[in-house]
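Chemist: whatever this is, show me its structure:
(one chain, ligands or ions: 1)
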Amino acid sequence: MSNVKIFGESMANMPWQEKPADAIGPVWRYSENPIIDRNPLPGVARIFNSAVVPWEDGFIGVFRGEQINGVPHIYLGRSKDGIHWTYDTEKIPFVNEKGEPFMPRYAYDPRLVKVEDTYYIIWCTDFYGAALGLAKTTDFKTFIRLDNPFLPFNRNGVLFPRKLNGNFALLSRPSDSGHTPFGDVFISESPDMVYWGKHRHVMTRGYNQWWQSLKIGGGAAPIETSEGWLLFYHGVTGTCNGYVYSMGACILDKDEPSKVKYRSENFILTPETWYEERGFVANVIFPVSTLCDADTGRIAIYYGAADSYVGLAFTTVDEIVGYVKANHVDNGDDGQIGIM
Ligand code: BMA
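Modeler: Numbering: from 1, shown residues only. Below you'll find the predicted structure:
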């Protein structure tokens, strides 16, 4: 039982490992990481930055598969235990709203979020440069591509798992079309997943926390808790050898999620293991989705590691919320009063 409540479903079958006695910090890695290794299926060299949800008696997910020609696309995968995955060998066959085939030129960093009875996939697509792509499914057989929600450039779209005040809510990070050496998180609303507005600033990269000083971006879909929306995100610093991506955590206001209630001063996971430090892009931890059990407060975080592997990490809602509150930092941007 936990003190902080997760408002969500029971998930007794989610992957889980207890915190080891020697763990440092509020989040600990799965001992058998990485859960997805290189060359996971024919024609795909690497899977990383991927998202999963519970489905039937197991789990289903959308996977960023980097093909052997270097172009990323989204593949569907299934698992009984959330750890061992099998994949469709063909890319997800999107159709447009008329039912005609639609294949994006490339697709990466997919999120998968259930809102009411529909699963939405948000990814980075080509729209005269990097922009958010959007599709929906109810059965994981037919995937209907919807209009791109935003103008270019934007690469990090994270949907809330329920409507807020009657509207869908989407976190994103406006960017450039390249490797973006800047970036804050914003929120936008839509009554119908077509027209977006009510844009608000949520949070700024951390001026005084060097690990997130360059840019930040939404990670996994926010988890609704009795303390507010718990968000795992990525924070990036620039070094003389390139970017380093760590995982941060914050809690957004329950009713007005453009207001940051608490934001951890410290990263909660940073590249330390061989599969995070070494790979196609070294030193990347990129959280993309979570599974949680409302009964026990357990949380499993799926993250891309070094643009080469998928890692799994665990925490509990009590542990992470307690940590974020105890290490809360005020960046002066919480709430953004008057700046809209
Ligand atoms: C970002 C995206 C991510 C990637 C990260 C590190 O801009 O391209 O997919 O994990 O860079 O390379």
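
Chemist: please point out which parts of stretch 285-305 sit buried.
Modeler: By neighbour count on 16 or more other C-beta atoms under 10 Å, the buried set for stretch 285-305 is 285-294, 296-305. (Glycine included, C-beta is placed from N, CA and C.)

Chemist: mean confidence for that stretch?
Modeler: Average pLDDT, stretch 285-305: 98.

Chemist: ok now it, how far from the chain's centre?
Modeler: Distance, stretch centre to chain centre, for stretch 285-305: 9 Å (C-alpha atoms, centre = their mean, to the nearest Å).

Chemist: ok, it near the ligand or not?
Modeler: Yes - using C-beta under 6 Å from any ligand atom, stretch 285-305 reaches the ligand at 286, 304.

Chemist: C-alpha coordinates for that stretch, PDB please?
Modeler: What follows is stretch 285-305, C-alpha atoms only, in PDB (Å, rounded to 0.1, in the frame of the first residue of the first chain):
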ATOM      1  CA  ILE A 285      18.600   7.800 -21.200                       C
ATOM      2  CA  PHE A 286      15.300   8.700 -22.900                       C
ATOM      3  CA  PRO A 287      12.100   7.800 -21.000                       C
ATOM      4  CA  VAL A 288       9.100   7.100 -23.200                       C
ATOM      5  CA  SER A 289       6.500   5.100 -21.300                       C
ATOM      6  CA  THR A 290       5.500   3.600 -18.000                       C
ATOM      7  CA  LEU A 291       3.400   0.900 -16.600                       C
ATOM      8  CA  CYS A 292       1.900   1.300 -13.100                       C
ATOM      9  CA  ASP A 293      -0.200  -0.700 -10.700                       C
ATOM     10  CA  ALA A 294      -2.700   1.400  -8.800                       C
ATOM     11  CA  ASP A 295      -2.900  -1.200  -6.000                       C
ATOM     12  CA  THR A 296       0.800  -1.300  -5.000                       C
ATOM     13  CA  GLY A 297       2.000   2.000  -6.400                       C
ATOM     14  CA  ARG A 298       4.700   0.200  -8.500                       C
ATOM     15  CA  ILE A 299       6.000   2.000 -11.600                       C
ATOM     16  CA  ALA A 300       8.000   0.500 -14.400                       C
ATOM     17  CA  ILE A 301       9.700   3.000 -16.700                       C
ATOM     18  CA  TYR A 302      10.700   2.100 -20.300                       C
ATOM     19  CA  TYR A 303      13.600   4.100 -21.700                       C
ATOM     20  CA  GLY A 304      15.700   4.200 -24.700                       C
ATOM     21  CA  ALA A 305      19.400   3.700 -23.900                       C
END
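
Chemist: where does the residue of the stretch 201-340 of the chain found nearest the ligand land in three-state SS?
Modeler: Of all residues in the stretch 201-340 of the chain, the one sitting closest to the ligand is Val281 (3.8 Å; C-beta to the nearest ligand atom). Secondary structure state of Val281, per DSSP: H, G, I helix; E, B strand; the rest coil, is coil.

Chemist: I'd like to know how many residues surround the residue lying closest to it once chain neighbours are set aside.
Modeler: Nearest residue to Val281, sequence neighbours excluded (C-beta to C-beta, 6 or more residues apart in numbering): Asp307, at 3.9 Å. Counted with other C-beta atoms under 10 Å, the neighbours of Asp307 add up to 20.

Chemist: try Glu56
Modeler: For Glu56, using other C-beta under 10 Å, the count is 9.

Chemist: try Ile6
Modeler: Each residue near Ile6 was counted by other C-beta under 10 Å, and the total is 24.

Chemist: for Leu151, see how far away Ala131 is.
Modeler: 7 Å (C-beta to C-beta, to the nearest Å).

Chemist: tell me which of those two has more neighbours.
Modeler: More crowded of Ala131 and Leu151, by other C-beta under 10 Å: Ala131, with 22 against 13.
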